[in-house]
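**Student:** missing the sequence, but the structure's below:
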């Protein structure tokens with residue numbers, strides 16, 4: 001899968017910046033963006049407001065991270081490291097069993 005989406009090769013260390021980069025990348029692929037929106041139940045016109053909802057951002061990061069080839073395609077297209085994406089995913093997602101927070 002190729003994308004015309006490009007960001008600065010500088011790493012987006014802020015989880016919100018990373019999430020916005022993911023959203024821009026998803027939006028650049030109508031088929032993938034449509035699938036993501038269908039899974040979330042968010043209408044295209046609601047995305048602008050949904051980006052302020054941590055639950056929406058968590059779901060978007062889950063969508064990306066639940067399919068490694070998609071996550072790696074995002075990293076390749078954006079220049080954002082897998083570690084940075086993983087950190088953003090952990091920031092927005094609920095603690096998992098491996099977190100030690102249970």
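**Tutor:** Yep, it's here. Bear in mind the structure is a predicted one, so any value in this text is a computation, not a measurement.
**Student:** Do you have the helices of the protein handy? List them.
**Tutor:** Here the chain has its helices, by DSSP state H, at 15-27, 30-40, 47-50, 54-65, 68-78, 82-92.
**Student:** is it possible to export these to TSV including mean pLDDT and mean neighbour count?
**Tutor:** Yep, even glycine has a C-beta here, placed from its N, CA and C like the rest. Shown next, in TSV, are the helices of the chain (pLDDT from 0 to 100; neighbours: other CB atoms under 10 Å):
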stretch	mean pLDDT	mean neighbour count
helix 15-27	96	20
helix 30-40	94	14
helix 47-50	93	14
helix 54-65	95	19
helix 68-78	97	16
helix 82-92	96	18
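**Student:** can you pull the contacts of the closest residue to residue 93 other than its chain neighbours?
**Tutor:** Take residue 93 and drop its neighbours on the chain: the residue closest to it by CB to CB, 6 or more residues apart in numbering is residue 58, 5.2 Å away. Going by CB atoms under 8 Å, 6 or more residues apart in numbering, residue 58 touches 92-94.
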